[in-house]
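> below is the sequence, then the predicted model.
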Amino acid sequence: MGFLLKIVIFAVAVYGIWAAANRWYRLLGGGRPKPPAQTPAAGEREAAAVPPRPRGPVIEETRLCVACGSYVAADAAKCGRTDCPQPA
């Protein structure tokens, strides 16, 4: 039991030393330098410079269906009901 305890204490000490050294190294500015920011390619820059053209609102004329009572598009096709007023 004594030998296993010594191994565990040694592992905890090594981990503590490694963690402290790693923290000091980062605090003092060590480590890998940050990679430079990636710049977009020429085609992407041109595409990003031109704002997209806004779409106009999509508005359809509707009318009240006398057969079912709901509003349908004026240019809609016949629904298949026998009393459908829409042109075929």
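Cool, the structure landed.

> CA atoms for contacts and neighbours, from now on please.
Will do.

> and the pLDDT for R32?
Predicted confidence (pLDDT) for R32: 67.

> same deal with the one 4 residues further on?
P36 is assigned a pLDDT of 74 by the prediction.

> all helices of this structure, in order?
Taking DSSP state H as the test, the helices found in the chain are 2-27, 42-49.

> which stretch in these is the model least sure about?
It's helix 42-49: among these, that one has the lowest mean pLDDT, namely a mean of 60.

> and P54, how far from E60?
Distance of P54 to E60, computed by Cα to Cα, to the nearest Å: 18 Å.

> out of these two, which sits in the more crowded spot?
E60 (10 against 6; other Cα atoms under 10 Å).

> now the closest residue in space to the more buried one that isn't next to it in sequence: how far from V12?
Spatially, and ignoring its direct neighbours in sequence, E60 is nearest to A73 (6.4 Å; Cα to Cα, 6 or more residues apart in numbering). With the distance defined as Cα to Cα, A73 ends up 76 Å from V12.

> same thing with C84?
84 Å.

> who has more neighbours out of those two?
Legend: neighbour count by other Cα under 10 Å for C84 and V12, higher for C84 (15 against 12).

> once you drop chain neighbours, what's closest to that one?
Distances taken as Cα to Cα, 6+ apart place A67 nearest to C84, at 6.0 Å, with adjacent residues excluded.

> still on that earlier bit, my guess is the residue nearest to E60 contacts C65, does it?
No - using Cα atoms under 8 Å, A73 is not in contact with C65; the gap is 9.5 Å.
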